[in-house]
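# below are the sequence and a predicted model; questions follow.
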Amino acid sequence: MSNRHLLLFLVLLNKVCSIPTCNNQCCRFVERFPGRLRRLREDYVQIRDFYEANDDLDIALLDQTIEDSFKTPFACHVMNGILDFYLGTVLPAAIAGVSDDTNELRPHVESIQMIFDELKRDVTKCRKYFACQKQFDVIKLNATYNQMETKGMYKAMGELDVLFNYIESYLASKRHRNDAVHF
């Protein structure tokens, strides 16, 4: 083997050795999340204009308080509570609101719903991995949503990109964590 080939081999070996390996399903879930996030954003791009066009409210549903909550030790509970909110309230209303004129939205909303359902299941399985400390109270979010009446669904769907960013930041903060915690 020539010196050049040996040097190339050592550089590649160093890169392989420096990449942390996941030793449990929770670590693998976090490491693979960018693929799910890409799919969420692709689906959202297909529906965003419709929901933003129907959102004429000036108040934010996913405000700074929620973003700040994603940066705390109980962020996994925040994410779990918000996923419950979207899965139990917002996405069913969005699917129910699809008409013959807007039927092209249905597969994208259903895809987001499926990915959120998988995400919720994985977050629940990995609570110890995320070192969750305190429950998140989603009551204020629900109250604001309900005050918006029929426009609440448009607001919540129109802010999905904001939620994706919160989730992405939180899960990115958990990447490359190679401890022995199992679910």
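Looks like it arrived, so ask away.

# contacts and neighbour counts: CA atoms only from here.
Will do.

# shaky segments in this structure?
Along the chain, the model assigns pLDDT under 70 to residues 1-21, 131, 133-137, 176-183.

# mind checking the longest helix of it?
Secondary structure of the chain per DSSP state H: the longest helix is helix 25-53.

# could I get the buried residue list for that one?
Neighbour counts over helix 25-53 (16 or more other C-alpha atoms under 10 Å) mark 25-27, 29-31, 33, 36-37, 39-41, 43-44, 47-48, 51-52 as buried.

# can you tell me what sits against the helix or strand following it?
Sequence-wise, the next helix or strand downstream of helix 25-53 (DSSP states H and E) is helix 64-69. Here helix 64-69 makes contact (C-alpha atoms under 8 Å, 6 or more residues apart in numbering) with 75, 78, 166.

# buried ones among the residues you listed?
For the contacts of helix 64-69, a burial check counting by 16+ other C-alpha under 10 Å picks out 75, 78, 166.

# centre of the chain to the longest helix of the chain, how far?
In terms of C-alpha atoms, centre = their mean, to the nearest Å, the centre of helix 25-53 is found 7 Å from the chain centre.

# send the alpha carbons of the host helix or strand of Tyr129 over as CSV?
Assigned by DSSP H and E, Tyr129 falls within helix 127-130. Coordinates of each C-alpha in helix 127-130 appear next as CSV, following Å, rounded to 0.1, in the frame of the first residue of the first chain:
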residue,chain,number,x,y,z
ARG,A,127,-38.9,9.3,28.1
LYS,A,128,-35.9,8.1,30.1
TYR,A,129,-33.6,8.9,27.2
PHE,A,130,-34.9,12.5,27.1
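
# contact partners of the very next helix or strand once past it?
Sequence order places helix 139-147 as the next helix or strand after helix 127-130, per DSSP H and E. For helix 139-147, the external contacting residues (C-alpha under 8 Å, 6+ apart) are 61-62, 85, 152-153, 156.
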